[in-house]
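**Q** Need coordinates for the below:
(one chain, ligands or ions: 1)
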Amino acid sequence: MRTLITGGTLVGPLGATPTDVLVDGETVAALLAPPSAASRPAVEADRIIDATGKYVIPGGVDVHTHMELPFGGTAASDTFATGSAAAAWGGTTTIVDFAVQRTGEVVEEGLAGWHAKAEGQCAIDYGFHMIMGGVDEAALKAMDSLVAHEGVTSFKLFMAYPGVFFSDDGQILRAMQRAADSGATIMMHAENGLAIDVLVAQALARGDTDPIHHGLTRPPALEGEATHRASVLAQVAGNPPLYFVHLSASEALGVVSGARAAGRNVFAETCPQYLYLSLEEHLGAPGFEGAKYVASPPLRTNTAPHADDLWRGLRTDDLAVVSTDHCPFCFAEQKELGRGDFSKIPNGIGTVEHRIDLIYQGVVAGKISLQRWVETCATTPARMFGLYPRKGVVAPGSDADIVVYDPAVTTTISAATHHMNLDHSAWEGFEIAGKVDTVLSRGSVVVSGGQFSGRAGHGRYVPRGLSQYLR
Ligand SMILES: [Zn+2]
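**A** Have a look, this model is predicted:
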């Protein structure tokens, strides 16, 4: 099966250029001069996709999702089937989800459990990072074996959530030393969880139980402090690649910028919620509405320039990646667990379907370039986590994961029309200039003309190599 995507503007490492794309089977066969070019050879194809007036971009790579994650006595509401289909609708063709080793559990068993959840369920390709809930001798050995044999090359540690996922500084140091030896990447949730737990208990004792107190008890200074501490520990451990997940605060960005300026292997991602939503307007919404916006780190105040700083970070590459931290919990029966006690609201926002659209709005607003949109949403995450050039670029030999994006259509996000298994949307009413038109996953059309034609089980597990950004 040969597919020709013709008439569009290809956006990639070379900029934005009128280019046709020939797909043969599951991979890109050739990039061709536009049909108007005299030098253009005759091309035969079984299927033609007309991309006139549209952008042709590599399928999105979302390296931070939590399908079916057990949390706070419930579980994230998207399965691998529903969440991967929603991702495809939104132009994302690869997810890297977090397999979990719970404290007291064997790492390999946690990974096997995640394979069992995802196998045969995904509409798009997927990989795994490993959450390390208990760094001990066996877990450290498992890190090496996952890198060597399982295609899992990144390990997430938590400075937050004492008693759940928390690692102390000694455990963090040991895992970092191991990563420095193997080349694996340490991913860090950087918030000072022990201090936060004190502030949470004090707030509840005062009777401050509304959702906004989730944000007020997790101040940006405690993200900045943890980011600094992790950066220092990594330096002492021999400078393994250190990647801060869901960076939300100017204080943390400053630490990352400083470490990068010093030539360190320090990287960071942010997420759409920190670019667009705020503590006052969303987490502080009247009544219990703010529960929809409870995530950690929390939405930040709009009285300080956190969001402006994050956009700047995306421009300067101090923030290399935009991921979603997709972790949806329904309002009914899930978010409602925390009525009268914000600390019992499951943490998470559902965004996997909207990342490409939301970051494109930064292009429309002149905050980032077209090329930066593609880099932060596809190319860099693929390189950062050992998927490039199979993923993250439209080039001969790459998987034909391709999105045709129509900048001329305007849409509005709503829970009534989204495809995530979620009874509300943190993005309700957001107007989007642009629309995902057609999506190919390994050469198969999975979304076209407002119809989904993908299927559970098309998506395959993708073993990953080491980060390609090592210094
Ligand atoms: Zn997360």
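
**Q** can you give me the helices for the stretch 1-150 of the chain?
**A** Counting by DSSP state H, counting those that start in this stretch, one finds helices in the stretch 1-150 of the chain at the ranges 80-89, 107-118, 137-145.

**Q** okay, the ones you listed, which one's buried deepest?
**A** Ranked by mean neighbour count, the helices of the stretch 1-150 of the chain are led by helix 80-89 with a mean of 27 (mean count of other Cβ atoms under 10 Å). Yep, even glycine has a C-beta here, placed from its N, CA and C like the rest.

**Q** now that one and helix 107-118, what's the angle there?
**A** Between the axis of helix 80-89 and that of helix 107-118 there is an angle of 70 degrees, by axes from the mean of the first three to the mean of the last three Cα atoms, to 10 degrees.

**Q** Give me the residues contacting helix 80-89.
**A** Residues outside helix 80-89 that contact it (Cβ atoms under 8 Å, 6 or more residues apart in numbering) are 60, 62, 65, 67-68, 78, 93, 95, 97, 117-118, 121-124, 126, 326, 328, 352-353, 418-421, 436, 439, 441, 446-447, 452, 454, 456, 459.

**Q** Specify the stretch among the helices of the stretch 1-150 of the chain that is closest to E280.
**A** Minimum separation from E280 across the helices of the stretch 1-150 of the chain (Cβ to Cβ) falls at helix 80-89, 28.8 Å.

**Q** Send me stretch 393-404 as PDB with only the CA atoms.
**A** Coordinates of the C-alpha atoms in stretch 393-404 are reproduced here as PDB (Å, rounded to 0.1, in the frame of the first residue of the first chain):
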ATOM      1  CA  VAL A 393      10.300  13.200  12.200                       C
ATOM      2  CA  VAL A 394       8.900  12.700   8.700                       C
ATOM      3  CA  ALA A 395      11.900  11.300   6.800                       C
ATOM      4  CA  PRO A 396      12.700   8.400   4.600                       C
ATOM      5  CA  GLY A 397      12.800   5.200   6.800                       C
ATOM      6  CA  SER A 398      10.900   6.700   9.700                       C
ATOM      7  CA  ASP A 399       7.600   5.200  10.800                       C
ATOM      8  CA  ALA A 400       4.800   6.800   8.800                       C
ATOM      9  CA  ASP A 401       3.300   8.500  11.900                       C
ATOM     10  CA  ILE A 402       2.000  11.600  10.200                       C
ATOM     11  CA  VAL A 403      -0.500  14.300  11.000                       C
ATOM     12  CA  VAL A 404      -2.100  16.600   8.500                       C
END
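
**Q** before we move on, what SS does T410 have?
**A** Here T410 is recorded as strand under DSSP: H, G, I helix; E, B strand; the rest coil.

**Q** ok, the worst-scoring helix or strand of the chain on mean pLDDT: who's next to it in the sheet?
**A** Scoring the helices and strands of the chain by mean pLDDT, DSSP states H and E places strand 70-71 at the bottom, with a mean of 89. Using DSSP bridges, the strands paired with strand 70-71 in its sheet are strand 74-75 (antiparallel).

**Q** now the strands: where do they sit in the stretch 251-400 of the chain?
**A** Assigned by DSSP state E, counting those that start in this stretch, the stretch 251-400 of the chain shows strands spanning 266-270, 321-322.

**Q** Not counting its own residues, what contacts the last one?
**A** Right, the one you point to is strand 321-322. Under the contact criterion Cβ under 8 Å, 6+ apart, strand 321-322 has outside partners 63, 267-272, 314, 355, 359, 376-377, 380-381, 384.

**Q** Just confirm E428 contacts S414, I think it does.
**A** Yes. Counting by Cβ atoms under 8 Å, a contact exists between E428 and S414, whose distance comes to 5.8 Å.

**Q** and L440, what element?
**A** In this assignment (DSSP states H and E), L440 forms part of strand 431-441.

**Q** mind saving the C-alpha coords of that strand as CSV?
**A** Output of strand 431-441 as CSV, limited to C-alpha atoms (Å, rounded to 0.1, in the frame of the first residue of the first chain):
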residue,chain,number,x,y,z
GLU,A,431,-11.3,28.0,21.2
ILE,A,432,-8.7,26.3,19.0
ALA,A,433,-7.5,27.9,15.7
GLY,A,434,-6.6,24.8,13.8
LYS,A,435,-7.7,21.2,13.7
VAL,A,436,-6.2,17.8,13.3
ASP,A,437,-7.4,16.7,9.9
THR,A,438,-5.8,13.3,9.1
VAL,A,439,-3.7,11.0,11.3
LEU,A,440,-1.5,8.1,10.1
SER,A,441,0.0,5.6,12.5
